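Q: could you look at this predicted model? Sequence included:
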Amino acid sequence: MSSAASQRSWLTPSVVPGFGMTMGFTLVYLSLIVLLPLAALVVRAGGLGWDQFVAVVTAPRAVAAYRLSFGAAFIAAAINIVFGVLVAWVLVRYRFPFKRLVDGLVDLPFALPTAVAGIALATLFSKNGWIGSVVEPLGLKVAFTPLGVMVALVFIGLPFVVRTVQPVLQDLDKEVEEAAASLGADRFQTFRHVILPSILPAAVTGFALAFARAIGEYGSVIFIAGNLPMKSEIVPLLIIIKLEQFDYRGAAAIGAAMLAASFVLLLVINMLQRWSRQRMGG
Amino acid sequence: MVIEVRNVTKRFDTFTALHGLNLQIQPGELVALLGPSGSGKTTLLRVIAGLEFANEGQILFDGTDAGGRHVGERRVGFVFQHYALFRHMTVFENIAFGLRVVPRQRRMSDSDIKKRVNSLLSLVQLDRLADRYPTQLSGGQRQRVALARALAIEPRVLLLDEPFGALDAKVRKELRRWLRRLHDDMGLTSIFVTHDQEEALELADRVVVMNQGAIEQVGTPEEVYDSPATPFVYEFLGNVNRVPCRIENGKVSLWGVDVAAETHDGATLPAGETAGFAYVRPHDIELLPAGQGEPAVVRHVAAAGPTARIEVSVQGVQPLIEAQLSRKRYLDLGLKVGQQVAIAARAARVFPASASPGPPAGPAGL
Amino acid sequence: MGRINPITERRGLRAGLIAASLLYILLFLVLPVVTVFTEALGKGFGGYFTAINDPAARSAIKLTLLTAAIAVPFNMAFGIAASWAIAKFEFRGKSVLITLIDLPFSVSPVISGLIYVLLFGAQGILGPWLAEHDIQIVFAVPGIVLATIFVTFPFVARELIPLMQEQGTEEEEAARSLGADGWQTFWRVTLPNIRWGLLYGVLLCNARAMGEFGAVSVVSGKIRGLTNTMPLHVEILYNEYNIVAAFAVASLLAFLALVTLVAKGVLEWAYGHELGGARA
């Protein structure tokens, strides 16, 4: 009844039907699939007790894994911020053959199963692979080293910066650049002082998204990583190894630590996106 | 059908859009809800339609409370401001929609639906466009599809939200007259929302002037234009000069006329001397050769067209005063910028300053 | 063009930037895909088809199709319901709800699997109860399906929420004012308006559901012929140095990815304005 609906102060009443049903389904499904299982992880990790939790999470092998996962993810995202802005720029501003194809290809890492990417990259960069056979004689060993981890993370993070910067560049008012040119700025000065500040929030958001994705990545990394403890072992792999040794609590503890890191990143990304929208003058 | 709005209050979060409104609409009337944006006119229309629900008060259709029934059960024809045509349906399917969603046992046969839609199409003069999609139509055509769609369910009331708002001036005038004829021919009871005073005055039997969630005045176009009940109505409807003055014992003497001050809410005037505002329409101002009344100086002349608009300055009155003279009178006086003249008022109304709204709404009024 | 355009770059620089971008795309995107197909055909078409026809490969393909056939409709129904509730109504706590729906995207795939092991596994919170009732979820098909639903959870909702928000509620209100009931409003007015956005979301959801590796790898137990999906089968073959077979199965997944990209591009090109957000 309408009179009942108008009593609920948190919901604005509407003649559009179905709120109860759709919201009910949404909340039940969300709780069963996402919230309850995530709670199980926290409960399991909590079962360890604080001291033991800290001991597991700060064990040398775990710390080495964090260093690799976070470090490689950071470097990969940094590479992608440079090349992502470049690719976005080229796609928005220039005309060249097969542009649509290239534009579509950018999403490939979203669509290609990570295991497929993993074995393909491992093969490409191995001693006999097309790229490995070129760079390895130069002393650059990629496959089965931390460098390989980084290469895989560059691959999976590639679309993020491109796809966040592209729409911003598209909406950028050409008149502003013309104004800069009319005031005597050369092309580089215009880019540095006019264009870059406009796309920076989007680029940083893309960086954070790529970074967040990379620290949890598993499939594309493990084939090329080498997976040596303390050396080329990423955090997700460490969790799986603990599971295989039936160390559920250890796996839960490290999982919880990673989850916490993801939440912090999610928060940062939300803030970045708000900043980005403000910059767009919404 | 008689529509009665009884004590309706509508709140959104902390904002009160309608403050205990009362209004009665008679069968066959064409009523305009007129006001600036934010005055609550669209909210009132949506509450009557059953698209929004009042927090307090009732809507009665022929004496029965419609409160428990939502829009689909009230049999109102609602024409949305941006038409809300179903974009993936043709014109024909849009109009047929209300006939097709009737439960099967009460639904017309397909051939009857086709007949009804075709007759509606010819009513709104869109016979040839039945297979077009909304995006392939002009604004005026979309408007007529929306109208035909609303009429298809044989509504007891027709409600239109800014029906001409999105159209250009020429189409707007044509559609206005056409809507008036349609309303008369079909014997509908109609309510439309507008912010355009000219539209309300030309089209409606009665005008409801709204401001800040309250009704300022209800009356025929002549009533609201010639005897505005409040300063707001004065300023919103038509051009008016607002002259500050002193009220002494309930009276003001302004440029040769004595005017009794009044209050719109029945409150008594404060005794003794108070500040007030006199409202004088430009066509109620007379200009005379210098020396025959209050002195004034011509500051600006716009004489193209059937009437001449003269702006004069009067000592001690802040904004320039606008007078509207016939072309003949203007030529007889031989007015020029800088010329000394005298000003007189034929009619004016005075309200105490406390009853005045803020800055003038301006001649067009938004 | 003889004159110098003040807001573009000199030709040489332009060519250089384009070349650098293309080289980057070539190295990181094109070469891996080409590798998949050349390695798959390393022993010719005969070897390729033998690898795909292997019973274990065929059962992996079947399981992958089955998993997607369950996970995608579930998340589609959820996506429609969630976006309806979020886009058509005003209520408090909306932005929190949207963040929660997006949550699975920021969780590592391995953790997405881990949580189900911790909940339903032998040593899990519900493990003893499940064992008592002889229900197996982890290391069995239900676990694979659940983990897949988790990782593909936000896809459809995320496409539909901005689209429905853009479309507003006027058409639904119009339908209601003409006497349509809730289901009629949904089927006749809302669904036709969101169909391309829905298809888009389903496409992405499906691609991920068929290709998911990390989460499924944790819950599957990798029992060949029983709980092996295609990506898991690729891993096993690769680790057994059966490179041609691994890439043959991988090529099917790569092909799926390419088809998805093409379909996505076609949708963006033909119905960009009906997809919502910045897809036009």
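A: Happy to help now that I have it. Please read these numbers as outputs of a predicted model, since none were measured by experiment. Residues are numbered from 1 along each chain as shown, chains lettered A, B, ... in the order given.
Q: contacts only, for residue 275.
A: Since no chain was named, I'll use chain A. With contact taken as Cβ atoms under 8 Å, 6 or more residues apart in numbering or on different chains, A:Trp275 is in contact with A:Pro201. C-betas here are computed from N, CA, C, even on glycine.
Q: chain C is the one I meant
A: So C:Leu275 contacts C:Glu159, C:Leu163, C:Trp196, C:Gly197, C:Tyr200, C:Leu267, C:Glu268 (Cβ under 8 Å, 6+ apart).
Q: tally of neighbours for C:Glu274?
A: 20 (other Cβ atoms under 10 Å in any protein chain shown).
Q: circling back to that earlier point, make a markdown table out of the contacts of C:Leu275 and add secondary structure, neighbour count and pLDDT.
A: Formatted as a markdown table, these follow (DSSP: H, G, I helix; E, B strand; the rest coil; neighbours: other Cβ atoms under 10 Å in any protein chain shown; pLDDT from 0 to 100):
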| residue | secondary structure | neighbour count | pLDDT |
| --- | --- | --- | --- |
| C:Glu159 | helix | 27 | 94 |
| C:Leu163 | helix | 23 | 94 |
| C:Trp196 | helix | 21 | 94 |
| C:Gly197 | helix | 27 | 94 |
| C:Tyr200 | helix | 25 | 95 |
| C:Leu267 | helix | 18 | 92 |
| C:Glu268 | helix | 17 | 90 |
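Q: ok, of those, which one's closest to A:Leu200?
A: C:Glu268 (26.3 Å; Cβ to Cβ).
Q: for the closest one, give its distance to C:Leu258.
A: Going from C:Glu268 to C:Leu258 by Cβ to Cβ, to the nearest Å gives 16 Å.
Q: quick one, what contacts residue 126?
A: Looking at chain A here, since you left the chain open. Counting by Cβ under 8 Å, 6+ apart, A:Ser126 has contacts A:Gly132, A:Ala143.
Q: that answer is for a different chain, and I need it for chain B
A: B:Leu126 touches B:Val91, B:Gln141, B:Arg144, B:Val145, B:Ala148, counting by Cβ under 8 Å, 6+ apart.
Q: same thing but at 7 Å, please
A: By Cβ atoms under 7 Å, 6 or more residues apart in numbering or on different chains, the contact set of B:Leu126 is B:Val91, B:Gln141, B:Arg144, B:Val145.
Q: nearest to A:Leu124 among the contacts of C:Leu275?
A: So of the contacts of C:Leu275, ranked by how close each gets to A:Leu124 (Cβ to Cβ), first place is C:Glu268, at 29.2 Å.
Q: still on that earlier bit, mind putting the contacts of B:Leu126 into CSV with neighbour count?
A: What follows is the contacts of B:Leu126, written out as CSV (neighbours: other Cβ atoms under 10 Å in any protein chain shown):
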residue, neighbour count
B:Val91, 28
B:Gln141, 19
B:Arg144, 26
B:Val145, 26
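Q: farthest pair within the residues you listed?
A: Across the contacts of B:Leu126, the longest distance by Cβ to Cβ is 9.4 Å; it joins B:Val91 and B:Arg144.
Q: got any ranges where chain C has weak pLDDT?
A: C:1-7, C:277-280 (pLDDT under 70).
Q: B:Ile343 in helix, strand or coil?
A: strand (DSSP: H, G, I helix; E, B strand; the rest coil).
Q: can you say which helix or strand has the residue lying closest to it once chain neighbours are set aside in it?
A: In space, and not counting its chain neighbours, B:Ile343 is closest to B:Ala296: 4.3 Å by Cβ to Cβ, 6 or more residues apart in numbering or on different chains. Taking DSSP states H and E as the definition, B:Ala296 sits inside strand B:294-302.
Q: and what of B:Val218?
A: strand B:214-219.
Q: what helices and strands are in contact with that strand?
A: Contacting strand B:214-219 under the criterion 3 or more Cβ pairs under 7 Å, 6 or more residues apart in numbering or on different chains; DSSP states H and E are the following elements: strand B:15-25, strand B:206-211, helix B:231-236.
Q: if we use 10 Å, what do you get?
A: Where contact means 3 or more Cβ pairs under 10 Å, 6 or more residues apart in numbering or on different chains; DSSP states H and E, strand B:214-219 is packed against strand B:15-25, strand B:30-34, strand B:206-211, helix B:221-226, helix B:231-236.
Q: can I get the contacts of C:Leu275 in JSON lines with distance to B:Gly63?
A: Output for those, formatted as JSON lines (distance: Cβ to Cβ, whole Å):
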{"residue": "C:Glu159", "distance to B:Gly63": "49"}
{"residue": "C:Leu163", "distance to B:Gly63": "44"}
{"residue": "C:Trp196", "distance to B:Gly63": "48"}
{"residue": "C:Gly197", "distance to B:Gly63": "46"}
{"residue": "C:Tyr200", "distance to B:Gly63": "52"}
{"residue": "C:Leu267", "distance to B:Gly63": "54"}
{"residue": "C:Glu268", "distance to B:Gly63": "56"}
